[in-house]
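**Q** prediction below, plus the sequence it came from.
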Amino acid sequence: MRRMRNVKIVATLGPASSDHDTIRALFDTGVDVFRLNMSHGTHEDVAARHAIIRKVEADTGRPICILADLQGPKLRVGTFAGGPQDLVEGESFRMDLEDKPGDGARVTLPHPEIFAALKPGATLLVNDGKIQLKVTDCSDGHADCTVIAGGTISDRKGVNVPDVVLPLAALSDKDRADLEFVCELGVDWLALSFVQRAADVEEGKTLARGRAAIMSKIEKPAAVEAYKEILEASDGIMVARGDLGVELPVQKLPPIQKRLIRGARAAAKPVIVATQMLESMIESPVPTRAEVSDVATAIYEGTDAIMLSAESAAGAYPIEAVATMNAVAVEVESDATYRAVIEASRSAHRESVSDGIVAAAREIAESTDIKAICCFTHSGTTATKVSRERPRVPILALTPLMGTARRMSLHWGTNCFLTEEVDRFKMAVVNAVRVAGNSGFATPQDQIVVTAGVPFNVPGTTNILRVAPCEERLIFSADPE
């Protein structure tokens, strides 16, 4: 099943997409990565969805990537004795640690870490930013505020603190239990919420112990400020525009999105653009024109993947949402402007032999009649660097390791295939020719570029490039020699 696009589609599973037939339909329609949202559902629910995905993988013979998204610490107010309360602009309101129901003048905020970090002048945002409070006075146990933007506040509404780096770990006790569960289950990527600093990423990597790659969600202003260090520590990045759009002025999001994508591309690390991409399709079978433009913009910027959240998890039209995203991606990537934009934003990377090899592979493929670039890889490093080049021809990532094939399915342009273990470059070439021919990427009259690292099994040693003819005897021979 060859996708006719390079950007990948991530779909979140949920109540609207938990049965085998729907998950299979989502995959057939265009989903490359399934997201398991650990904020919703039990471990039993997650395990059942994971099992269905792996069955679809077995039935189709194509590696499928699974991303588990950890909830992160949730900051919420307490309850109100008299039900929802209206906060009026200009009036005073207090948040404190008192363990009793709130009223129109105060409410519990059971997070002493917030009060320890607050200073007068700080902003508190409630209910996704619909209510805005300015701190006028605070201590280790309270914060007196003035209502800047009023509204109705009710039980357990979320609180954002945009202009303070909070002394909170990115992983709660629930997250640690969830992390261990999904790693044992066998997911390919872990998305960390509430990342504020590189140390948060390192903690996640320590707990994962190499069982899954780590993706940092950039959803806090502090994470934007520390992006360079967070990117270096991470295996991938998610531009989580939901909370980020609450904690920053909305006009800042587009340039930040562009900057985050370019940074991840330069580092050869996959990046996902997420949140509200086709939000109206939760209830409508067709998206708004603005949503289509938003999806297209992310693709033009060179993101590795675009993501559906509630659209596929709880919406009335999950299959249609994927079909729409797929259609937009195919249309954008067939536009001549797309190639011009992608190539204009490509940075030169010549820091190592492997960088030079993959750049040469792209240049050869684009200047001669080459049908595909085939990367034989164990760790995924070779294919990752080829993906960074954003070549005009398909990328075939060949690996004997199912974990690598699944993980690499998130990267732009990669078509992942399981092959036999090889110990000589000649055998890597034979396998590449056979896969390219049998999967429809090349005919016996075509040529492909093959890259690999020798000795094999050593990450980051890409040092060989060969232009190989797709001879009929190799494609159809039962004997690899």
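**A** Sure thing, it's come through.
**Q** domain ranges for the chain, per the record?
**A** Domains of the chain are assigned by automatic domain parsing as 8-72+170-335, 85-160, 353-476.
**Q** show me where the stretch 51-200 of the chain has helices.
**A** Using DSSP state H, counting those that start in this stretch, the helices of the stretch 51-200 of the chain run over residues 112-117, 173-185, 198-208.
**Q** now do the last one, average pLDDT.
**A** Translated: helix 198-208. Across helix 198-208, pLDDT averages out at 97.
**Q** ok, back up a step: how about the domains of the chain in JSON lines, adding distance to residue 347 and mean neighbour count?
**A** Heads up, the C-betas are built off the backbone N, CA and C, glycines and all. Formatted as JSON lines, the domains of the chain follow (distance: least, Cβ to Cβ, whole Å; neighbours: other Cβ atoms under 10 Å):
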{"stretch": "domain 8-72+170-335", "distance to residue 347": "5", "mean neighbour count": "20"}
{"stretch": "domain 85-160", "distance to residue 347": "34", "mean neighbour count": "17"}
{"stretch": "domain 353-476", "distance to residue 347": "9", "mean neighbour count": "20"}
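**Q** can you pull up the most central residue in the chain?
**A** Closest to where the C-alpha atoms of the chain average out (Cα atoms, centre = their mean) is residue 272, at 3.7 Å.
**Q** let me know whether that residue touches residue 309 as I believe.
**A** No. Counting by Cβ atoms under 8 Å, residue 272 stays clear of residue 309, with 11.1 Å between them.
**Q** could you measure from the residue nearest to the centre of the chain over to residue 362?
**A** Using Cβ to Cβ, to the nearest Å, one gets 23 Å for the distance from residue 272 to residue 362.
**Q** OK, contacts around residue 221?
**A** Residue 221 sits next to 162, 163, 244, 247, 248 when contact means Cβ atoms under 8 Å, 6 or more residues apart in numbering.
**Q** quick revisit: now do the SS call for the residue nearest to the centre of the chain.
**A** Here residue 272 is recorded as strand under DSSP: H, G, I helix; E, B strand; the rest coil.
**Q** that one: what's it in contact with?
**A** Contacts were defined as Cβ under 8 Å, 6+ apart; by that measure residue 272 touches 10, 215, 236, 237, 238, 239, 303, 304, 305, 306, 307, 410.
**Q** so what sits opposite it in the bridge?
**A** With DSSP bridges as the criterion, residue 272 is bridged to residue 238, residue 305.
**Q** from residue 394, how far out is it?
**A** Per Cβ to Cβ, residue 272 is found 21 Å from residue 394.
**Q** go on, residue 410?
**A** 16 Å.
**Q** residues contacting the residue lying closest to residue 80 once chain neighbours are set aside?
**A** Excluding its sequence neighbours, the residue lying closest to residue 80 (Cβ to Cβ, 6 or more residues apart in numbering) is residue 102, at 4.6 Å. Counting by Cβ under 8 Å, 6+ apart, residue 102 makes contact with 77, 78, 79, 80, 81, 85, 108.
**Q** what about the strands in the stretch 301-450 of the chain?
**A** Taking DSSP state E, counting those that start in this stretch as the criterion, the stretch 301-450 of the chain contains strands spanning 305-308, 370-376, 395-399, 414-418, 447-453.
**Q** bridged to residue 189, which residues?
**A** Residue 189 has these beta-bridge partners by DSSP bridges: residue 67, residue 213.
**Q** below-threshold pLDDT in the stretch 251-400 of the chain: ranges please.
**A** Applying pLDDT under 70 to the stretch 251-400 of the chain flags residues 349-350.
**Q** mind listing the helices in it by residue range?
**A** Along the stretch 251-400 of the chain, the stretches classed as helices by DSSP H, counting those that start in this stretch are 253-266, 289-300, 310-313, 318-333, 336-344, 353-367, 381-388.
**Q** export these to CSV and tack on distance to residue 168?
**A** As requested, the helices of the stretch 251-400 of the chain are arranged in CSV below (distance: least, Cβ to Cβ, whole Å):
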stretch, distance to residue 168
helix 253-266, 22
helix 289-300, 29
helix 310-313, 26
helix 318-333, 33
helix 336-344, 38
helix 353-367, 38
helix 381-388, 32
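**Q** for residue 449, which of those is the nearest?
**A** Of all the helices of the stretch 251-400 of the chain, it is helix 353-367 that lies closest to residue 449, at 4.9 Å by Cβ to Cβ.
**Q** what sits against residue 65?
**A** Shown in contact with residue 65 (Cβ under 8 Å, 6+ apart): 32, 33, 34, 188, 189, 406, 407, 409, 410.
**Q** now do 6 Å
**A** By Cβ atoms under 6 Å, 6 or more residues apart in numbering, the contact set of residue 65 is 33, 188, 406, 409, 410.
**Q** pretty sure the first one sits against residue 9.
**A** No. In terms of Cβ atoms under 6 Å, residue 33 does not count as a neighbour of residue 9; the distance is 7.3 Å.
**Q** any idea how far residue 234 lies from residue 67?
**A** Separation of residue 234 from residue 67 (Cβ to Cβ): 14 Å.
**Q** over to residue 371?
**A** For residue 371, the distance to residue 67 equals 31 Å [Cβ to Cβ].
**Q** ok, and what's touching stretch 366-375?
**A** Residues from elsewhere that reach stretch 366-375, judged by Cβ under 6 Å, 6+ apart: 361, 365, 382-383, 386, 391-397, 432, 436, 441-442, 446-451.
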